[in-house]
Each structure stands twice: as structure tokens, then as C-alpha cells.
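Q: coordinates only, sequence not included:
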């Protein structure tokens, strides 16, 4: 996922961050401007578009019926898929998902799954036979860095406005009823990604910072402020102290964001 | 499916497999187990049985992936179809693609890629039997295989998980604890540099529990590190003996 960036620019980004400044004028722990639009795809049961600076991610939620997994016969099923659409960046190529899109999908998946955001037990229609399946499709439309946080926010926003058709069981058959019910949610995880550049921690790295960054760490924080999923990425490392600092920073940023979003 | 027992850890702090909270599973490490590979290692971590092999530095295929100023590390984590309870399809799953990526990223900080421009190093990890914590055991074995191949390293990379079962933070979860427990935190670590090169987590932990789990995992890593170094030394002791025998003949 790398685009070219000149050495002089790399140096400039690093030196600025050492002084506690960033190229786009933000403080080290500031997010870019965040905009969320909900429900813009009428065909989907739920959808949301997130703009994080110039990064743009669209998430569509489709709900269908299907079979449960044998080890959880009375729970609905949730899957996350991510597409790095070629129009989003000169580095994205058409074709089967590569490791970057698989990792992105699995980070978003883990945040939602481990925080138990979807009340899957309420998605059971007929235990062992029929349950609702929630498909969460992440569509990256413009890549300007930090796809993880934008995608995770878009996914939860889309789930929040997901309306499923109501149903009833008549003579052992599932029949749809008039009207819609909201998707049952229990938690609203917020994922915060922190990058490490020249031994400094920065929140919400944008594209050029991602080219310079040694390592990143993403943490999903649930409603209670507990950590429910983590992923370290890139070929650098963190010291144990930096990890503790990052976890505190992530909790602080998630709490701020939660207040702003009223989740 | 495993039936969930009432308690994963009893009042005396003894776990289902008889271990204490901060006790590792038995480990066996062996270096230089495959003759065709440039470096190789085998690990038994509890019931996990994993082989790792290293090829390279060698010419990259396809060539356009090579870099003019550095070598490229590639990594494939793969599970044998018979390694788990239900047969696993041999085609790489999304989980295996992700694990290949995080294992590669956990090993990269230990290497000096600028020493071998235009080349590639391939690390192949085959899980022959899985019992929870395979990514950690894979990293421990892969780092040994790289060391065995003679590629210079900043330090060995060693990995171990901690997690939470019932209400207790414990070290080195095995399969049942991983599936039925509350949280799992795999950590890879370079002891000499005090550097964490892999950190993942699933499940829910309060901030203080998370800190405890990370520290516990690092302590576990340090114990395995000793065994790693012994395994390397053992190989060279064997080579020394062989040479001695040959010269005596």
C-alpha cells in the first residue's frame, strides 16, 4: 500500500513530529475532521459513509437468512469483507483480496465481534436451522491514510442504521411482515490507530505519515472503556512502555469520540 | 464442539491441564531439522507441532518484487489439513493470510534488509498439529530457522501469549482455554532490545488486566528465549562432536 514519497519529505515529517508538530497542522494526538453520513444506499439494509480528512469509506450492510454455525446453533452470523477499490488509490489493483484488505476486514471484524456489538442471539429464527446473516461490506473509496479507524467507524455507523424486515413464523415457514425493526446492538466499539514515528506516538496517521511510520497499533475500545481487540502492524516495534502509553491514549481518544458521536 | 466446564481454573489456581496461572506448557525446540532448507527449526509447544524453514537470501521470483536497495522477506503460515479437529481445506484461509502477514512483520525488525539488496528470503511455516497459540510457536520456530540459516539478526524473536480465563490472567493458553476463555493476547518480543514486534488481542480486558497480560506474556517470552538459545547451541555442539569423531577416525 505504498505510494512514493521523497526522502526530503520523509525527513521533514519525522523532524516535525519530534518537535510535536505535524505537516497538516494537527497536534500529535488529534484526529482529522470526521464526517459521518448515514443511510445513503437505499437498497442496503444499513449503510454509512465516513470521511476522515480525505479518507473516504462506504460501508453497506445486507441482511439475509442462512444456516447458523454448528457450534453456535442459536446465534446469527456476522461476516466482514473489505474491498480496496482500485479507484481509491493508484496502489490498489483489481483482483482477489490481498493481505492488506484481508487484514483490514479482520481488524474491523474483530472489533465488532469481540465487543459483542451485534446481539447475535436475537438474530436466531429457528435454532440450528435458520438465522439472520449480517454481511458487512467495507468499500474504501479514497485512501488518504488510516483506513482502519475510518472503516471501523463506518461499519458501526452502518450497523446503527440497519433496519431489517420484521418476520413471523406461520405453519413452520418464515413470512415477512410489514414494517422494519432495528438491528439489535449491544455495544459500539471505537477503533483508535496509533502510529510510531521517530519514537513518538501519533493518532490517526494520514497517507504520507503512513509511509514514514515504523509501526502502528490499533485498539478497539468498547462502551465501558475496556480494550476488546488489538492489532499491531508494520515492520517496526514498540517497547512495553509505549504499548501501555498507546493503550491509555487509545482509551482517551475513544472516550472523546464517543462523546462527540453520542454512541 | 467442546463442552464448557464450569470452571477453567479452580480455587487453588490450577487449570484444566494441571498448570498454574503463570506456567508455560512443555516446550521442545530443535534446530537444523530439514536438509534442503538453508535454515530450519521444529517446535513442540504443548501439543502444537510446527516446522519452519528458511530459503535465501536468493533471487526473487517474480523478479519485479525485488527491491534495488534491500532484501524482501516473505512469509507463509500454513496449517496442514489434519492439524485440527475438523479437516481444514489446504487452500489458504483469510486467517492464514493475516497470520502470514503479522508473523512476517514480527520477524522483520530482527533483520538487516539492507545487507542483501535485490534478494528475497522465504520463511515457510507448516503447522502439523495445532493446540492454541500456533502463531506464537510459529514465530519462535521461524526466528530459530532464520538464525540457523546464518542470516545476521539483531536478536532472536520469541513469542508467547497471555490471556484471561474465568477471572484470572494466565500465561500460554491452550486450545480449550483460547476458545472458552475471555481474552487472548499474543505477544512477540526481542528480549535484548526490549521490543514488542507482535501484539494482537481478542476478547475484553480492563486496562489493568491488559497491562498485566502483556507483562506476563513478556516474562513467558524471556523463559522461551533461554530454550531458543540452548537449541541453537545444541546444534553446534552436535556439529563439534561430529567433527571430533571424524578427525579421531
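A: Cool, got the structure. Predicted model only: the values in this text are computed from it and were never measured.
Q: Close to chain B: what parts of the stretch 51-200 of chain A are there?
A: A:70-71, A:99, A:102-103, A:105-106, A:110, A:113-115 (C-beta under 8 Å from any C-beta of the partner chain). Placement of C-beta: from N, CA and C, glycine included.
Q: Distance of residue A:149 relative to residue A:199?
A: Distance from residue A:149 to residue A:199, counting by C-beta to C-beta, to the nearest Å: 22 Å.
Q: Look at the two and report which has more neighbours.
A: Per other C-beta atoms under 10 Å in any protein chain shown, whichever of residue A:149 and residue A:199 has more neighbours is residue A:149, with 30 against 11.
Q: element containing the more buried one, please.
A: For residue A:149, the host element (DSSP states H and E) is helix A:147-160.
Q: Now do the next helix or strand after that helix: distance to the chain's middle.
A: Scanning forward in sequence from helix A:147-160 by DSSP H and E, the next helix or strand is strand A:163-170. On the basis of C-alpha atoms, centre = their mean, to the nearest Å, strand A:163-170 sits 28 Å off its chain's mean C-alpha point.
Q: Packing partners of strand A:163-170?
A: strand A:124-126, strand A:173-182 (3 or more C-beta pairs under 8 Å, 6 or more residues apart in numbering or on different chains; DSSP states H and E).
Q: mind putting those in CSV, mean neighbour count, mean pLDDT and distance to residue B:198 included?
A: Formatted as CSV, those follow (neighbours: other C-beta atoms under 10 Å in any protein chain shown; pLDDT from 0 to 100; distance: least, C-beta to C-beta, whole Å):
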stretch, mean neighbour count, mean pLDDT, distance to residue B:198
strand A:124-126, 16, 88, 36
strand A:173-182, 10, 81, 38
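Q: For residue A:33, find the nearest of the ones you listed.
A: When the helices and strands packed on strand A:163-170 are compared by C-beta to C-beta, strand A:173-182 sits nearest residue A:33, at 28.2 Å.
Q: From the rest of the structure, what touches the closest one?
A: A:65, A:125-126, A:130, A:162-169 (C-beta atoms under 8 Å, 6 or more residues apart in numbering or on different chains).
Q: Then stretch B:206-216?
A: Contacts of stretch B:206-216 (C-beta under 8 Å, 6+ apart): A:225-227, A:240, A:243-244, A:247-248, A:251, B:22, B:162-164, B:169-171, B:183, B:185, B:187, B:196, B:199, B:201, B:205.
Q: Now, those that are in helices?
A: Among the contacts of stretch B:206-216, the members found in helices (DSSP state H) are A:240, A:243-244, A:247-248, A:251.
Q: Quick one: end-to-end length of stretch B:174-186, please.
A: 12 Å (C-alpha to C-alpha, to the nearest Å).
Q: before we move on, back to that, which two in the residues of the stretch 51-200 of chain A next to chain B are spaced the farthest apart?
A: Among those, A:70 and A:99 lie farthest apart (C-beta to C-beta), at 28.9 Å.
Q: ok, the two, which is more surrounded?
A: residue A:99 (15 against 9).
Q: And the helix holding residue A:149, what does it pack against?
A: For helix A:147-160, the packing partners by 3+ C-beta pairs under 8 Å, 6+ apart come out as strand A:34-38, strand A:46-52, strand A:55-66, strand A:77-84, helix A:99-114, strand A:130-142, strand A:190-197, strand A:215-221.
Q: Just want the angle from it to strand A:173-182.
A: Interaxial angle of helix A:147-160 relative to strand A:173-182 (axes from the mean of the first three to the mean of the last three C-alpha atoms, to 10 degrees): 110 degrees.
Q: List the residues that contact residue 144.
A: Reading this off chain A. With C-beta under 8 Å, 6+ apart, residue A:144 has these contacts: A:53-56, A:206-207.
Q: Switch to chain B, please.
A: B:29, B:31, B:41, B:43, B:52, B:156, B:228, B:231-232.
Q: now do residue A:251
A: Taking C-beta under 8 Å, 6+ apart, one finds A:219, A:221, A:225, A:227, B:207 in contact with residue A:251.
Q: and with 6 Å instead?
A: By C-beta atoms under 6 Å, 6 or more residues apart in numbering or on different chains, the contact set of residue A:251 is A:221, A:225.
Q: low pLDDT regions in chain B?
A: Applying pLDDT under 70 to chain B flags the ranges B:1-3.
Q: Quick check: residues of it near chain A?
A: Residues of chain B found near chain A (C-beta under 6 Å from any C-beta of the partner chain) are B:1, B:94, B:97-98, B:101, B:105, B:108-109, B:194-206, B:210-211.
Q: Buried ones among those?
A: Buried by 16 or more other C-beta atoms under 10 Å in any protein chain shown: B:94, B:97-98, B:101, B:105, B:108-109, B:195-205, B:210-211, out of these.
Q: Kindly indicate the member of the contacts of strand A:173-182 with the most neighbours.
A: residue A:162 (27 neighbours).
Q: Leaving out sequence neighbours, find the closest residue to it.
A: The shortest distance from residue A:162 to any non-neighbouring residue, by C-beta to C-beta, 6 or more residues apart in numbering or on different chains, is to residue A:46 (2.9 Å).
Q: So what sits opposite that neighbour in the bridge?
A: Per DSSP bridges, the residues bridged to residue A:46 are residue A:61.
Q: now swap in the one 10 residues further on and tell me
A: Listed beta-bridge partners, residue A:56: residue A:51, residue A:142 (assigned using DSSP bridges).
Q: wait, isn't it in contact with residue A:142?
A: Yes: using C-beta atoms under 6 Å, residue A:56 is in contact with residue A:142, at 4.0 Å.
Q: Residue B:72: which of the contacts of strand A:173-182 is nearest?
A: Checking these one by one against residue B:72 (C-beta to C-beta), the nearest turns out to be residue A:162, at 42.0 Å.
Q: I'd guessed the closest one sits against residue A:61; true?
A: Yes: if you go by C-beta under 6 Å, residue A:162 and residue A:61 touch, sitting 4.8 Å apart.
Q: Pull the distance from stretch A:54-64 to the chain's centre.
A: The answer for stretch A:54-64 is 10 Å, by C-alpha atoms, centre = their mean.
Q: With stretch A:81-97 instead?
A: That offset, for stretch A:81-97, works out to 17 Å (C-alpha atoms, centre = their mean).
Q: do stretch B:149-163 as well
A: 8 Å.
Q: measure it end to end?
A: Criterion C-alpha to C-alpha; first-to-last residue distance in stretch B:149-163 is 33 Å.
Q: Buried residues, stretch A:224-240. List them.
A: A:226-238, A:240.
Q: With stretch A:199-211 instead?
A: Quick answer for stretch A:199-211 (16+ other C-beta under 10 Å): A:201-211.
Q: Need the max-distance pair from those.
A: A:201 and A:207 (18.3 Å).
Q: Count the neighbours of the nearest residue to residue A:206 once chain neighbours are set aside for me.
A: Excluding the flanking residues, the one nearest residue A:206 by C-beta to C-beta, 6+ apart is residue A:145, at 3.7 Å. Residue A:145 is flanked by 24 other residues according to other C-beta under 10 Å.
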